[in-house]
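In: Quick one, structure for this:
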Amino acid sequence: MQWILGLGLAALLFYVLKRWGALDPGQKKAATWKVALVVAGVLLVFMVLTGRVHVLTAAVAALIPLLRKLPSLLQFLPHARRLFGEGEQPGGQQRNQQQSAGSSDQMSKREACEILDVEPGCSRDEIVAAHRRLMQKLHPDRGGNDYLAAKVNEAKFVLLGKRGS
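Out: Predicted coordinates:
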């Protein structure tokens with residue numbers, strides 16, 4: 001049985017080499033790519049069948065949850081731009097110059113209201129509710145970001161601290 005298989009493989013090799021010799025250089029290049037892709041496909045199928053492709057499968061499985069969260073993360077893009085100072089409105093340069101001319105990196109009350117998405121002069125309960133709502137979305141333990149969580153906390157402190165929390 002083994003010698004029949006060996007004869008069959010030898011005949012196949014003879015046929016492939018005969019066809020290879022009849023090709024011109026351009027066709028040989030195209031045939032080389034085709035053979036490489038077929039060999040890679042066969043190798044991948046072999047690895048799947050023998051259970052050796054678990055690392056690749058795990059990598060793909062790890063990316064699926066991230067792809068599911070992408071649309072929900074994109075909804076925070078305008079808020080992140082506002083926090084990072086991108087997309088300033090006209091006159092934003094003057095505001096930045098006034099802040100840098102001031103003594104500190106302290107957040108203004110207006111910026112704190114923008115971050116928490118509350119109106120100036122709102123109640124303490126509205127500030128706490130807005131803070132809680134944003135922290136549930138932006139907390140680092142829930143896939144958020146340390147910087148944004150710190151800004152939300154700072155905004156709450158600025159608004160409540162000036163009221164004598």
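
In: Starting from the worst-scoring helix or strand of the chain on mean pLDDT, tell me the next helix or strand along the chain.
Out: For the chain, using mean pLDDT, DSSP states H and E, the weakest element among its helices and strands is helix 92-101, scoring a mean of 46. Going down the chain from helix 92-101, the next helix or strand is helix 109-116, by DSSP states H and E.

In: so how far is the helix or strand just after that following helix off the chain centroid?
Out: Tracing the chain C-terminally past helix 109-116 and defining elements by DSSP H and E, one meets helix 124-138 next. Distance, stretch centre to chain centre, for helix 124-138: 25 Å (Cα atoms, centre = their mean, to the nearest Å).

In: Repeat that for stretch 3-18.
Out: Distance of stretch 3-18 from the chain centroid (Cα atoms, centre = their mean) equals 50 Å.

In: And for stretch 143-160?
Out: Relative to the centre of its chain, stretch 143-160 is centred 22 Å away, using Cα atoms, centre = their mean.

In: Give me the below-cutoff pLDDT ranges for this structure.
Out: 40-41, 44-45, 55-66, 68, 85-105, 162-165 (pLDDT under 70).

In: That one: helices as residue ranges?
Out: 2-21, 25-50, 54-74, 77-84, 92-101, 109-116, 124-138, 146-161 (DSSP state H).

In: Adding mean neighbour count, write these out as JSON lines.
Out: In this view, the C-beta of every residue, glycine as well, is placed from N, C-alpha and C. Formatted as JSON lines, those follow (neighbours: other Cβ atoms under 10 Å):
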{"stretch": "helix 2-21", "mean neighbour count": "10"}
{"stretch": "helix 25-50", "mean neighbour count": "10"}
{"stretch": "helix 54-74", "mean neighbour count": "9"}
{"stretch": "helix 77-84", "mean neighbour count": "14"}
{"stretch": "helix 92-101", "mean neighbour count": "11"}
{"stretch": "helix 109-116", "mean neighbour count": "19"}
{"stretch": "helix 124-138", "mean neighbour count": "16"}
{"stretch": "helix 146-161", "mean neighbour count": "18"}
